[in-house]
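[1] just to be clear, the model below is a prediction. Sequence and coordinates:
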Amino acid sequence: MRGFTFLMLTAVAGIGLTVTAPKAQAQVGVEIGVAPECPYGYYDVAPYNCAPTGYYGPEWFNGDGFIGAGPWFHGASEFQGHVNNRLHPDHGYKGPTPQRGEKAEPAKRVDSAHFKGNEVRDGRGHVTAKR
C-alpha cells in the first residue's frame, strides 16, 4: 500500500507542475534591412545580388532610381514591369554583374526601344505574363 500511495503522490505532483508551467509563445521575426545599392537593380530573390543592365525594363526606373523588387518594392500595388530573365543566374546567365555600390553608367542604360524583355512581373517577383 505504501508503494501505491507514493506513486499517487508522484503523479499528482507531476500533474501540478505541468499545469503551472508557463506557456511558451513562438515568435518569428524577419528583418530585411536596407535594399542593396545596385546601379541597374537587384534580383528579386535571395541573395539579392545586383542584376546586369538590361535585366529590368525602363518601367522599373524612376529617372535614375530603381523602384525596387521583392521585399523592397515601393511602387504601385498593380505595377507590372518587363524583365529579361535570360540575364538571371537561375536561367543560366553567367555573365558580368555590377558590384553593390557601383555607380551606373548612363551609356549602359537600356531604353524602351532597345529593351529585349521576355517576362512581365509584379513588384514582388511574381510572373504575370510572358512576352
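    Arrived safely.
[2] where does pLDDT dip in the protein?
    Within the chain, the segments meeting pLDDT under 70 span 1-4, 6-32, 130-131.
[3] all the helices of this protein, residue numbers only.
    For the chain, the helices defined by DSSP state H cover 2-20.
[4] got a list of what residue 83 touches?
    55, 56, 57, 60, 117, 118, 119, 120, 121 (Cβ atoms under 8 Å, 6 or more residues apart in numbering). Heads up, the C-betas are built off the backbone N, CA and C, glycines and all.
[5] which one of those is nearest to residue 81?
    residue 60 (4.7 Å; Cβ to Cβ).
[6] go ahead and confirm that closest one touches residue 41.
    Yes: here residue 60 lies in contact with residue 41, judged by Cβ atoms under 8 Å, at a distance of 6.1 Å.
[7] list residues touching both of the two?
    66, 69.
[8] pull the contacting residues for residue 104.
    39, 40, 53, 64.
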